[in-house]
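> Fold the following.
(chains A, B and C)
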Amino acid sequence: MDVLGNLAMGMGVALTPLNLGLCLIGALVGTMIGVLPGLGPIATIAMLLPLTFSLDATGALIMLAGIYYGAQYGGSTTAILVNMPGETSSVVTTLDGHQMARQGRAGAALGIAALGSFFAGCVATLAVAILGPILASVAKEFGAPEYFALMVLGLVGATVLASGSIVKAVAMIILGLLLGAVGSDIETGTPRMTFDIPQLADGINFTVLAIGLFGVAEIIRNLENPEERGVLGAKIRGLLPTWQDIKTSAAPVLRGTFLGSVLGILPGNGAVLAPYASYTLEKKIAREPQRFGRGAVEGVAGPEAANNAGAQTSFIPLLTLGIPPNPVMALMVGAMTIQGIIPGPQVMDTNPQLFWGMIASMWLGNAMLVVINLPMIGLWVRLLMVPYRLLYPAILLFCCIGVFTVNNSYVDVLGVAFFGLVGYGLTKFGFEPAPLMLAFVLGPLMEENLRRSLLISRGDPMVFLNRPISLGLLLVAAALLLLVVMPSVKKRRKEAFQE
Amino acid sequence: MPPPQMKVPAAGLGIRSPRNFAGGLVLLAIAALALWQIQDLSVGTAMRMGPGYYPRLLAFLLGFFGLVLMAGSVVVHGDGLERWRVKNLVLVLGAIVIFAFAIRTLGLVLSGAALMLVSALASHDLRWREVLLFTAGMLVFSVILFPIALNLPLPIWPRL
Amino acid sequence: MTFRSIALAAVGLSVLAGPAMAQNYPTRPVTMVVPFAAGGPTDTVARLIAQSMSQTLGQQVVVENVGGAGGTLGAGRVAKAEPDGYTVLLHHIGQATSATLYRKLPYKTLEDFQTVGLVTDVPMTIVARKDFPAKDMKELVEYVKANKDKVTLANAGVGSASHLCGMLFQDAIKTQLTTVPYKGTGPAMNDLVGSQVDLMCDQTTNTTGQIKGNAIKAYAVTTKDRLASLGDLPTVAEAGLAGMTVGVWHGVYAPKGTPAPVVEKLSGALQTALADQTVIARFAELGTTPEPKERATPAAHDQHLRAEIARWKPIIEAAGTFAD
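The predicted model follows:
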């Protein structure tokens, strides 16, 4: 196992002018589509696939990978600036990142996000290089019961995302689970809660829900309060994070990197949990948890690091097992097959240049992203000086175009309007959308793995307790539940007695 | 979908948190809607779940938490109801709906212009000249960016 | 429901937009609808032939992914499109099976489409987890019959190629197994590699790498002849399951009523594409071969479609799974 030698060979592949250029193009395109709300990496990679026909496999994958992690970077920019999460991962970033922007600290939030991501990307790339093959074989042991337990743990953690009442947070989690259940039943294909709309047969599209619930609702709310419209309310204070910000963020970034790296390895799309897990952890161990949701820099640093670490390590199942953990990776499998490389466990041995070249290019890509993004912060922040009366119609335009192009479906655009209405209504009753979004993402995975576990175990519920990993995860979930519920119960009782 | 502007006789019923009371009602309504949609689905057993098992469980839970919220709103003091600004809501959402129906036939330029201009009406300090110029600029930008540079299958002009 | 009436009005508008002259077809880009997500095997096939067909037709053939509902959403879009040759569909075997699998299909498969030609036939493989006890197909069938309550059969979801092949397998060995559905091939293959499930039957595009990497065991390939890429693997007929010869065939469709000269032009462009050396080479990398010229015709395609609908109807009905 000569990791250094292999990495050196990888660097040799990645540093050829062509591959370096492709990496840069990928990172740039990725950042751009990440910044544009609604337009995700899936649509873009799909559109660019034909272009890769003429490249060699390594070059093609380097470019596609660049788009993927570039989009993760860009996605946080939009989340921070206009409270619009384009990706599952950036929902968490809106919570404190956008609050920071409202306080005039958009530059600090963007800077911390970029630096945290860069650090996490470097560490995770090393993890991929050194531990990839070993970790992949451990992750294979994750069966349906383990995933179910992991999702349960994630849902319990979701309550921490809300800053208000626990009852309302739980209600939003259940609503999110219910929305996640819309679509065809996985076992029988029976449509559920589709209201006879054929476009709902595969469920509600994440982008449609997120853009409606967060972005559109936010715009309508901003228009109500002219005095605090958009981010203009506050004067912009500094373009870069302060030394204090960086010191506060160091530990959260380290923890986020670890969490993200571990979760990203799971082939069942564990990376989606990474930013949420990090946020939950930071809020739980913070000395003043009430600062979270009001512009706490740790709430940006940890999740951003976790997100990027997860994005990097989610290449492990793809590169070492040939199994795509998420739709973007599935597209990369398509790109590989087009190039005549059949993804599978043998890729590492038959195509070492591809494997190590990609790993080296990930590191280079992350470095490029920092170099691209740090100077851009000034530009982004200046974008916020565009009067809101002009900014919001433009945001709406980009959202609608982006959402339309995902499936070329006007029904998806109508869905944005519908969920904009729902999101507006929910905030009017004091409900927060973030726990709903997480539950929406985790719900289908949870139901699927619950039913699959019972199918494989022939209906024996002990399957969750007989397997050590699943038992451990469920115990952690139970402990976290107690931690979350206890203070709120105490508080409630106090309040009730005061009456 | 939350019903518009609910008038809860707050003082009369001894409701101390009208916002939570109304929120609870909304949750109950959503739960009922979900139950109505899945009434025909087989539930199965916990060990061999049918398609209806999981959504039904969720709908009941949602209704339960709606009731908890409503019960709490009688005990604990809380926020009042917020006003709904129907004009902004209609303009912004209407602009999106227009875009949705127009994009495939009228193309990006016309439907994009409609989207931006209609939604701009919701702004309280509308300046026509500025809005028109800005809209034109953004449309040129998006035409270059989406159908041309990113090669997305979007019609630019009306299909004749 | 007002949405729907406005939508109908919008569709009506586009119908009024005027039929193009069939003689100088095509005068503008042709949209090829792929009813699945971009990047999948079907999308890859479409993009490969679209590139070549663009050159022949002298107009861009643009691939548009309209995924959802097992391919029926995209197919429905084309069924209702203007029959002028500017909207075509590339669909696989699902076009034949959805006719039975979906009881409330919003279109009539045989009446609403004009066949243009067959494209390719991707082979399938019967595979198992690495540590599965059976050594060969004969042992597999014996083992499965003896342990039918224990053996699990994975598939990538209702209507997927692996679901169809799994049904065919159960039908061929006259044994019902516990089927474990997944959302897509990736997760299903993951659990097979991780030995969480026992068996699967899937396209070579998904299985070849894992077979060659010794991550899973293969028992047979569903083609008439052995594959060049997996030469050691017997065919289903050699292994004693002749009824299991099946492939994920792909075809191009236009809406019914498309003028005959237009269909001919499309069919000709398809035949040229299938003879294109780059297309042949790329197909070979995918583990498949283009259909010969005489199969890439409207008539051959129509005959195949009818035969396949008839073949799958009793199998799907016997399995009792429907997608609605």
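
> so does the strand or helix carrying A:Gly74 get close to chain B?
When elements are assigned from DSSP states H and E, A:Gly74 belongs to helix A:57-82. No. Legend: contact between helix A:57-82 and chain B by Cβ under 8 Å from any Cβ of the partner chain is lacking; minimum distance shown is 11.4 Å. From N, CA and C alone the C-beta is placed, and that goes for glycine too.

> list the helices and strands that helix packs on?
Applying 3 or more Cβ pairs under 8 Å, 6 or more residues apart in numbering or on different chains; DSSP states H and E, we find helix A:57-82 packed against helix A:17-35, helix A:41-52, helix A:91-93, helix A:99-102, helix A:106-139, helix A:298-313, helix A:327-338, helix A:352-383.

> is the helix or strand following the longest one anywhere near chain B?
Yep, that's helix A:106-139 we're talking about. Reading on from helix A:106-139 to the C-terminus, the next helix or strand found by DSSP H and E is helix A:144-158. No. Contact between helix A:144-158 and chain B is absent, the nearest approach being 11.8 Å (criterion: Cβ under 8 Å from any Cβ).

> ok, and what's touching helix A:144-158?
A:169, A:173, A:177, A:266, A:268, A:270, A:273, A:276-277, A:280, A:435, A:438-439, A:442, A:445-446, A:449-450, A:452-453, A:456-457, A:463-464, A:467, A:469-474, A:476-477, A:480-481, A:484, C:191, C:196 (Cβ atoms under 8 Å, 6 or more residues apart in numbering or on different chains).

> which residues does the most centrally placed residue in chain A contact?
Geometric centre of chain A, nearest residue: A:Ser89, 1.4 Å, by Cα atoms, centre = their mean. Counting by Cβ under 8 Å, 6+ apart, A:Ser89 touches A:72, A:75, A:271-272, A:274-275, A:303, A:307, A:310-311.

> that older thread, among the helices and strands packed on helix A:57-82, where is the model least confident on average?
Across these, helix A:41-52 has the smallest mean pLDDT, namely a mean of 68.

> Quick one: low-confidence residue ranges for chain C.
Residues of chain C that meet the criterion pLDDT under 70 lie in C:1-23, C:38-40, C:321-324.

> which helix is the longest one in it?
Secondary structure of chain C per DSSP state H: the longest helix is helix C:298-319.

> Go back to the contacts of helix A:144-158 and keep what's next to chain B.
A:177, A:450.

> Out of the contacts of helix A:144-158, which sit inside helices?
Of the contacts of helix A:144-158, the ones assigned to helices by DSSP H are A:169, A:173, A:177, A:276-277, A:280, A:435, A:438-439, A:442, A:445-446, A:449-450, A:452-453, A:456, A:463-464, A:469-474, A:476-477, A:480-481, A:484, C:191.

> quick one: pLDDT of the residue nearest to the centre of chain A?
At A:Ser89, pLDDT is 75.

> and A:Leu239, what element?
A:Leu239 belongs to no helix or strand, assigned by DSSP H and E.

> what's the burial count for it?
The number of residues packed near A:Leu239 is 18, by other Cβ atoms under 10 Å in any protein chain shown.

> wait, doesn't it sit right on A:Val381?
Yes. Counting by Cβ atoms under 8 Å, A:Leu239 does reach A:Val381; the two are 6.2 Å apart.

> Distance from the chain centre to stretch C:310-324, please.
In terms of Cα atoms, centre = their mean, to the nearest Å, the centre of stretch C:310-324 is set 16 Å apart from its chain centre.

> does chain B sit close to that stretch?
No. If you take Cβ under 8 Å from any Cβ as the test, stretch C:310-324 misses chain B, and the best it gets is 11.3 Å.

> measure stretch A:421-434 end to end?
Chord length of stretch A:421-434, first to last residue, is 16 Å (Cα to Cα, to the nearest Å).

> in chain B, which spans are strands?
Counting by DSSP state E, one finds no strands in chain B.

> In it, which helix is the longest?
In chain B, assigned by DSSP H, the helix with the most residues is helix B:86-120.

> average model confidence for that helix?
Mean predicted confidence for helix B:86-120 is 94.

> that older thread, please check the ones in helices among the contacts of helix A:144-158 and keep the buried ones.
A:169, A:173, A:177, A:276-277, A:280, A:435, A:438-439, A:442, A:445-446, A:449-450, A:452-453, A:456, A:463-464, A:469-470, A:473-474, A:476-477, A:480-481, A:484, C:191 (16 or more other Cβ atoms under 10 Å in any protein chain shown).

> hang on, the earlier thing: between A:Leu239 and A:Val381, what contacts are shared?
With Cβ under 8 Å, 6+ apart, A:Leu239 and A:Val381 have common neighbours A:Gly107.

> Quick check: closest non-adjacent residue to A:Val160.
Excluding its sequence neighbours, the residue lying closest to A:Val160 (Cβ to Cβ, 6 or more residues apart in numbering or on different chains) is A:Thr280, at 4.5 Å.

> how about the one you found, what does it touch?
For A:Thr280, counting by Cβ under 8 Å, 6+ apart, the contacting residues are A:157-158, A:160-161, A:480.

> circling back: want to throw the contacts of A:Ser89 into CSV with neighbour count and distance to A:Gly415?
Listed next are the contacts of A:Ser89 as CSV, based on neighbours: other Cβ atoms under 10 Å in any protein chain shown; distance: Cβ to Cβ, whole Å:
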residue, neighbour count, distance to A:Gly415
A:Gln72, 28, 24
A:Gly75, 30, 20
A:Ala271, 28, 25
A:Val272, 28, 21
A:Ala274, 31, 27
A:Pro275, 32, 24
A:Pro303, 34, 26
A:Asn307, 34, 25
A:Gly310, 33, 27
A:Ala311, 29, 27
